[in-house]
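sequence? don't have it. structure:
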């Protein structure tokens, strides 16, 4: 075990405490999604809600790596890990991220870090469950101690993530994920039409969305592209009728990989809107299984490397208990599609949600916003 990384982290933390000369602003909120690579997911839904419900009351700082966003009167964008970003982060009363705070950031006692995470349910293992290095375990524990509120979608999520992310169970807020509220309640605007317009999909065509998770680690990640798209579409046409278009959403670790015979939906800003617009969803081990199950629409799991993935990553729950039926081959996938039974599908979805102890409220955004207001008004 090498302690050099830990030493560097603690040296950085000591240096950054110089920022403590700047006071924490009660009404300043710092937001980060996917480590500053996007403005979406749970942090965005909280941000959007608070701007509407509490206009003019808060100042928002978004951590964002690109230059395609313009600052407004109440919102600024800062580059991740820049001195400006660190200044705003350490002077914000509330820090919200869908990943983590960063071990080198010495969060102040008067600050609150809210980890919204970027997935629900309990599927592939993360955090300490995948760590074999003692140094990384120490870093994971340090990050866990700095978490004040961890948003949870289910009782099982709380149970496994408390251990995996080294966060005390009493710090979990079981209200569901903000990004899933409209999947439960429906949308006030025509989101399906918005998605179709974006991808130039005619109204009379149906959408199948394929969103596999990555294999490996960041930097060398890849995805499994063994799916037979023409065969899949043929099965969909046979079972559900009509014409179909195949959209593929890649994890941001593997956006460079190409998939022929499909429409690349990786750059679409909001995954939940894609799930809302899809008529059928196919994935493998992604936590989007949980999100899409809330819609009760047809879903399928394509897992040709199940044994290999199990041995390398493993799971918190058995894949056979998940919300959708699984296929290991293209033949099996086509058979699952053509034999789809709506009533049995909904029974399986409900069984899975009950097994995990579903805590999605459909009011997650409002409940978290209320917590933020309570904290900032103390």
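Arrived safely, thanks for sending. Quantities reported herein were computed from a predicted structural model and do not represent experimental measurements.

Residue 16 reaches residue 83, doesn't it?
No: using CB atoms under 8 Å, residue 16 is not in contact with residue 83, being 9.9 Å away. Heads up, the C-betas are built off the backbone N, CA and C, glycines and all.

Strands of this structure, start to end?
When secondary structure is read from DSSP state E, the chain shows strands at 25-32, 59-63, 75-78, 92-97, 112-115, 149-152, 172-174, 205-210, 243-248, 263-264, 280-283, 299-302, 326-327.

what comes into contact with the second one?
Just to be clear, that refers to strand 59-63. Contact with strand 59-63 is made by 25, 27-32, 36, 39, 47, 51, 69, 74-80, 85, 88-89, 92, as judged by CB atoms under 8 Å, 6 or more residues apart in numbering.

From these, list the buried ones, please.
Neighbour counting by 16 or more other CB atoms under 10 Å classes 25, 27-32, 36, 39, 47, 51, 75-78, 85, 88-89, 92 among the contacts of strand 59-63 as buried.

Residues touching the longest helix anywhere in the chain, excluding its own?
Of all the segments of type helix in the chain, defined by DSSP state H, the longest one is helix 342-356. Helix 342-356 is touched from outside by 121-122, 154-157, 290, 293, 296, 298-299, 317, 321-325, with contacts defined as CB under 8 Å, 6+ apart.

Nearest spatial neighbour of residue 100, chain-adjacent residues omitted?
residue 143 (5.3 Å; CB to CB, 6 or more residues apart in numbering).

you'd agree the one you found is up against residue 150?
No: Residue 143 lies out of contact with residue 150 (CB under 8 Å); the separation is 11.1 Å.

between those two, what contacts are shared?
With contacts defined as CB under 8 Å, 6+ apart, the residues shared by residue 143 and residue 150 are residue 165.

In this protein, where is pLDDT below threshold?
1-2, 215-224, 251-260 (pLDDT under 70).

Need the phi and psi values for the residue nearest the centre of it.
The centre of the chain sits closest to residue 118, judged by CA atoms, centre = their mean, with a distance of 2.2 Å. Backbone torsions for residue 118, taken as degrees, to the nearest 10, come to phi -130, psi 30.

surely it meets residue 43?
No: using CB under 8 Å, residue 118 is not in contact with residue 43, being 9.6 Å away.

shared neighbours of these two, anything?
33, 98.

Tell me how far residue 101 lies from residue 291.
Relative to residue 291, residue 101 is positioned 24 Å away (CB to CB, to the nearest Å).

correction: residue 250
17 Å.

Same question for residue 227.
Distance from residue 227 to residue 291, by CB to CB: 20 Å.

and if you look at residue 338?
Distance from residue 338 to residue 291, by CB to CB: 25 Å.

out of those two, which sits in the busier spot?
A direct count of neighbours by other CB atoms under 10 Å for residue 338 and residue 291 places residue 291 higher, at 25 against 14.

I'd say that one and residue 274 touch.
No: using CB under 8 Å as the test, residue 291 is too far from residue 274 to be in contact (10.3 Å).

What segments of the chain are helices?
4-16, 41-53, 83-90, 134-145, 155-164, 181-185, 191-199, 229-240, 271-277, 288-293, 306-312, 330-338, 342-356, 364-376.

can I get those helices in JSON lines with distance to residue 265?
Output for the helices of the chain, formatted as JSON lines (distance: least, CB to CB, whole Å):
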{"stretch": "helix 4-16", "distance to residue 265": "37"}
{"stretch": "helix 41-53", "distance to residue 265": "16"}
{"stretch": "helix 83-90", "distance to residue 265": "29"}
{"stretch": "helix 134-145", "distance to residue 265": "31"}
{"stretch": "helix 155-164", "distance to residue 265": "26"}
{"stretch": "helix 181-185", "distance to residue 265": "17"}
{"stretch": "helix 191-199", "distance to residue 265": "7"}
{"stretch": "helix 229-240", "distance to residue 265": "14"}
{"stretch": "helix 271-277", "distance to residue 265": "6"}
{"stretch": "helix 288-293", "distance to residue 265": "12"}
{"stretch": "helix 306-312", "distance to residue 265": "23"}
{"stretch": "helix 330-338", "distance to residue 265": "19"}
{"stretch": "helix 342-356", "distance to residue 265": "23"}
{"stretch": "helix 364-376", "distance to residue 265": "24"}
